[in-house]
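# Prediction below, plus the sequence it came from.
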Amino acid sequence: MKKVLSIFTIMLLGVFGVMVTANAETYYKNDKGVEFTEKEYRFFTKMFYDGYQRLMTQEMFDSYDKNYMDENLVETKEITSPLVSPIGGLVETPSKKLRMTVVKTETFATVGVTVEWKGSPAMRSYDVMGAYLSGVSIKMSATTTVDYSEGYYSANDIKNESNGFGVTIKLPDSGTNIYIVQSYAVSLGGRVYGSYQHALDKVSFADSQNYTINYAGYGHVFMFPYSVGQHYDMLDGVWLEV
């Protein structure tokens, strides 16, 4: 970040928030009034992506312990998928990246799972995203946000089970630069598996919730009946120890 900003840059920042010089206490302030130091800003970039900060409310920010807002404490695992293998064949799709991050405190771990679409999805129906929990339990329920070129919105259709959860996500009908972010907190001492399954053709909302949470399922999370599972891309999952 340059310390001297052009008038044009300042005008652009006025739309999304205010970025100030790196040696000031407030490095960025979004249009919801949430202020970030440079260290905090870099932490959320590592935890999710650069731009997620503009979506955050004060409540979201306050759910993180400031003592652990350090990018060096964030553990990461990711996969990039230019190809996916549905049942019955191989289908080429726009590349997307699935990334899991974890930051641990002394008593719990905060998990972030981010899907980054590298191109525009050819099919925009009901996708699912969630977690299988092994040896841990939920401490803070999941929030799921879809961020794209035309705005952002929350996905709130969650299905909870004793060993994890899934959220149905209706992809936006238009727009590009799609990010899908899921965040939740769990107890320590086990493993968390994260999965994102993209619908390859039109599925109903009811079908998108026709699964159980199971290690043997797609991405080690979603166990669909065959009649439903054949419509999803079987993308590999990600996992981290917590």
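Looks like it arrived, so ask away.
# residues in contact with the residue nearest the centre of the chain?
With distances taken as C-alpha atoms, centre = their mean, the residue of the chain nearest its centroid is residue 181 (2.1 Å). Contacts for residue 181 (C-beta atoms under 8 Å, 6 or more residues apart in numbering) come out as 48-49, 52, 112-115, 144-145, 147. (Each C-beta comes from the backbone N, C-alpha and C, glycine too.)
# at 10 Å what do you get?
47-49, 52, 55, 99, 112-116, 129, 143-147, 152, 155 (C-beta atoms under 10 Å, 6 or more residues apart in numbering).
# now swap in residue 36 and tell me
With C-beta under 10 Å, 6+ apart, residue 36 has these contacts: 17, 19, 25-30, 42-45, 53, 56, 61, 69.
# And residue 160, by the same measure?
130, 138, 141-142, 166-167, 213.
# Can you list which of the contacts of residue 181 are found in strands?
Among the contacts of residue 181, the residues falling in strands (DSSP state E) are 99, 112-116, 129, 143-147, 152.
# Redo those residues as a markdown table? Include distance to residue 219, pLDDT and neighbour count.
As requested, the ones in strands among the contacts of residue 181 are exported to a markdown table (distance: C-beta to C-beta, whole Å; pLDDT from 0 to 100; neighbours: other C-beta atoms under 10 Å):
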| residue | distance to residue 219 | pLDDT | neighbour count |
| --- | --- | --- | --- |
| 99 | 13 | 91 | 20 |
| 112 | 16 | 95 | 22 |
| 113 | 11 | 94 | 27 |
| 114 | 15 | 93 | 23 |
| 115 | 12 | 93 | 21 |
| 116 | 16 | 92 | 18 |
| 129 | 9 | 98 | 26 |
| 143 | 20 | 95 | 16 |
| 144 | 16 | 97 | 21 |
| 145 | 20 | 97 | 20 |
| 146 | 19 | 98 | 20 |
| 147 | 21 | 97 | 21 |
| 152 | 24 | 95 | 14 |
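# ok, of these, which one's closest to residue 203?
Checking the ones in strands among the contacts of residue 181 against residue 203 with C-beta to C-beta, the nearest one is residue 129 at 14.3 Å.
# Nice, that's everything, thank you.
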